[in-house]
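Visitor: heads up, no residue letters with this:
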Ligand code: UD1
């Protein structure tokens, strides 16, 4: 049959090629050695907001090199704070806090920057912070932050997407209050704990979050002279004071980064050490690794060794507030379960929409079915490398893990998600012997 030309009403224009960063992973290379864990992203973000409580100079050390940290620094700098960054450190001079208004363009890029609302209100008696909006993993409202601040005497108006909070009266000072959180929200506990350090009188937060990052923030506030007790339990008591002083404070190691590397050991059946870590912070992850048949051995107070045993058994996980299994490890652990013998169920209870990685796992041969917030995983004997797309921060780490375990080459796009929260992930894997490279591809 004769070829006929395709007729179009408008001439076809070729799609414009764009350059994009991709991660190329050659799977099935054993890992060995040791890996150094960076400072905790989530601690650092909250503590950076906490520096606004002090009208002096603060130094934070063990700061990870992350896009989220840079964004948070931009938000704080926009308030008039001088920040000097040197490798691993941030110096804040908060004496000249100029404005209580955080700019939308910056806050919209980073949900955690909403946390400045508590310190701003406590220190200046007013704060204007845009709503952070939803994100890929769920709607993530801020009602618990707002209700707690109202209980402490703030008047709050939410208009045109901006939360405007003010404290009336001569001294414009928040009042201590008894606050019960409907849910132990990490961010709301942090906002209210920070606000209470400079309030008048005593604040009690019931059903508070108990995450290690809450304890780190409390330790930081205490190092500036704040009176806080009960952090790490579900009842935190804060006695407000007039002023907080300068400090020099190191951030704790990142338990999620450490957990990600431990799972990497299990999924690649490789033995190596991770340090520094606080093993207690990793108990739920260690317990589940042991349930798969993988050993995790303490090598001193701040070092763990992952020691796979040649078997991987299915196990169920349910994400919960600390000390339950962390939602921030759900995707990485599910990566491991795709290769575990038998059926596992993963139940996500913290966020409503945190299963986007499943579609990408399936492209590599995983057998996973999602029903609401449950994923049913039937272990397969092997996965095959494929082109995949990172959909959020922890999903990106999970895709790196399956890429390291799969046969052949995996190409991951949307690498910027990974750069938000992992300090040189591919460099650290490379040092352990992985074949992983960052490339610029023309797509
Ligand atoms: C923090 C962590 C994030 C982690 C999460 C849960 C930071 C910067 N981020 O996020 O990595 O996954 O804890 O461990 O520390 N909620 C409300 N109303 C509120 C606040 C929260 O309904 O006012 C809901 C959220 O929508 C979510 C759940 O509570 O479903 C948990 O959120 P929360 O603990 O507040 O998490 P974040 O502080 O946002």
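Guide: Sure thing, it's come through. As the structure is a prediction and not an experimental result, all values here were calculated from the model. Residues are numbered from 1 along each chain as shown.
Visitor: The closest residue to the ligand within the chain: neighbour count?
Guide: Sorted by distance to the ligand under CB to the nearest ligand atom, the residues of the chain start with residue 187, at 2.8 Å. The C-beta positions use only the backbone N, C-alpha and C, and glycine is treated the same way. Number of residues near residue 187 (other CB atoms under 10 Å) recorded here: 21.
Visitor: Next, the contact list for it, please.
Guide: 112, 114-115, 142, 145 (CB atoms under 8 Å, 6 or more residues apart in numbering).
Visitor: How far does the helix or strand that contains it sit from its chain's centre?
Guide: Here residue 187, judged by DSSP states H and E, is contained in helix 186-197. Put simply, helix 186-197 sits 17 Å off its chain's centre (CA atoms, centre = their mean, to the nearest Å).
Visitor: Going by distance to residue 246, which of the contacts of residue 187 wins?
Guide: Closest approach between the contacts of residue 187 and residue 246, by CB to CB: residue 115, at 20.8 Å.
Visitor: I'd say that closest one and residue 192 touch.
Guide: No - Residue 115 lies out of contact with residue 192 (CB atoms under 8 Å); the separation is 10.6 Å.
Visitor: any idea where the helices of the stretch 251-400 of the chain begin and end?
Guide: Assigned by DSSP state H, counting those that start in this stretch, the helices in the stretch 251-400 of the chain fall at 255-268, 283-291, 330-337, 357-363, 393-405.
Visitor: which helices and strands sit right next to the last one?
Guide: Based on contacts counted as 3 or more CB pairs under 8 Å, 6 or more residues apart in numbering; DSSP states H and E, the elements that helix 393-405 packs against are strand 19-26, helix 255-268, helix 330-337, helix 357-363, strand 409-413, helix 416-421, helix 425-431, strand 435-442.
Visitor: Buried ones in the fourth one, by neighbour count?
Guide: Neighbour-count burial for helix 357-363, counted by 16 or more other CB atoms under 10 Å, picks out 357-358, 360-363.
Visitor: what's the answer for the first one, then?
Guide: Judged by neighbour count (16+ other CB under 10 Å), strand 19-26 contains these buried residues: 22-26.
Visitor: Any residues of the stretch 201-350 of the chain in contact with the ligand? List them.
Guide: In this structure, the stretch 201-350 of the chain approaches the ligand at residues 213, 327-328, 350, judged by CB under 6 Å from any ligand atom.
Visitor: In JSON lines, list these along with pLDDT and distance to residue 420.
Guide: Listed next are those as JSON lines, based on pLDDT from 0 to 100; distance: CB to CB, whole Å:
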{"residue": "213", "pLDDT": "98", "distance to residue 420": "16"}
{"residue": "327", "pLDDT": "98", "distance to residue 420": "16"}
{"residue": "328", "pLDDT": "98", "distance to residue 420": "12"}
{"residue": "350", "pLDDT": "96", "distance to residue 420": "18"}
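Visitor: nearest to residue 307, of these?
Guide: Using CB to CB, these come closest to residue 307 at residue 328, 23.8 Å.
Visitor: Contacts only, for that closest one.
Guide: By CB under 8 Å, 6+ apart, residue 328 lies in contact with 256, 394.
Visitor: Mark which of the contacts of residue 187 are buried, thanks.
Guide: Taking 16+ other CB under 10 Å as the criterion, what is buried in the contacts of residue 187 is 112, 114-115, 142, 145.
Visitor: Tell me how the chain divides into domains.
Guide: Annotated domains of the chain cover 19-38+253-442, 41-250 [automatic domain parsing].
Visitor: First-to-last residue distance for the first one?
Guide: Domain 19-38+253-442 has an end-to-end distance of 4 Å (CA to CA, to the nearest Å).
Visitor: Relative to the whole chain's centre, how far out is it?
Guide: Remark: domain 19-38+253-442 is offset 15 Å from the chain centroid, using CA atoms, centre = their mean.
Visitor: Let the chain start at 110 from now.
Guide: OK, 110 is where the count begins now, so the last one is domain 128-147+362-551.
Visitor: Quick check: residues of the stretch 110-259 of the chain near the ligand?
Guide: 151, 154, 221, 247, 249-254.
Visitor: and residue 193, how many neighbours does it have?
Guide: By the criterion of other CB under 10 Å, residue 193 has 10 neighbours.
Visitor: How about it, nearest residue that isn't a chain neighbour?
Guide: Take residue 193 and drop its neighbours on the chain: the residue closest to it by CB to CB, 6 or more residues apart in numbering is residue 200, 4.4 Å away.
Visitor: how about the helix or strand the one you found falls within: buried residues?
Guide: Assigned by DSSP H and E, residue 200 falls within strand 198-202. For strand 198-202, the neighbour count (16+ other CB under 10 Å) marks 199-202 as buried.
Visitor: which strands and helices sit next to it?
Guide: Counting contacts by 3+ CB pairs under 8 Å, 6+ apart, strand 198-202 packs against strand 166-170, helix 176-186, strand 191-195.
Visitor: at 6 Å what do you get?
Guide: Contacts defined by 3 or more CB pairs under 6 Å, 6 or more residues apart in numbering; DSSP states H and E place strand 198-202 against strand 166-170, strand 191-195.
Visitor: So which elements touch the last one?
Guide: Applying 3+ CB pairs under 6 Å, 6+ apart, we find strand 191-195 packed against strand 198-202.
Visitor: and the strand it packs on, average pLDDT?
Guide: Regarding strand 198-202, the rounded mean pLDDT is 97.
Visitor: Report the buried residues of stretch 504-523.
Guide: The neighbour-count check on stretch 504-523 (16+ other CB under 10 Å) flags 504-515, 519-523 as buried.
Visitor: now the helices of the stretch 360-509 of the chain in TSV, with mean pLDDT?
Guide: Conversion of the helices of the stretch 360-509 of the chain to TSV gives the following (pLDDT from 0 to 100):
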stretch	mean pLDDT
helix 364-377	98
helix 392-400	98
helix 439-446	98
helix 466-472	97
helix 502-514	97
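Visitor: right, and residue 347 touches residue 304 too?
Guide: No - taking contacts as CB atoms under 6 Å, residue 347 lies outside contact range of residue 304: 8.9 Å.
Visitor: if you count what's nearby, which of those two comes out ahead?
Guide: Neighbour tally, residue 347 and residue 304, criterion other CB under 10 Å: the higher count belongs to residue 304, 30 against 27.
Visitor: I'd say the more buried one and residue 231 touch.
Guide: Yes - using CB under 6 Å, residue 304 is in contact with residue 231, at 4.7 Å.
Visitor: between those two, what contacts are shared?
Guide: residue 283 (CB atoms under 6 Å, 6 or more residues apart in numbering).
Visitor: Now do the contacts for residue 188.
Guide: Contact analysis of residue 188 by CB under 6 Å, 6+ apart lists 206, 208.
Visitor: and with 8 Å instead?
Guide: Neighbouring residues of residue 188 by CB under 8 Å, 6+ apart: 161, 206-211, 225, 229.
Visitor: and of the residues you listed, the nearest to residue 447?
Guide: Lowest distance from residue 447 to the contacts of residue 188 (CB to CB) belongs to residue 225, with 39.3 Å.
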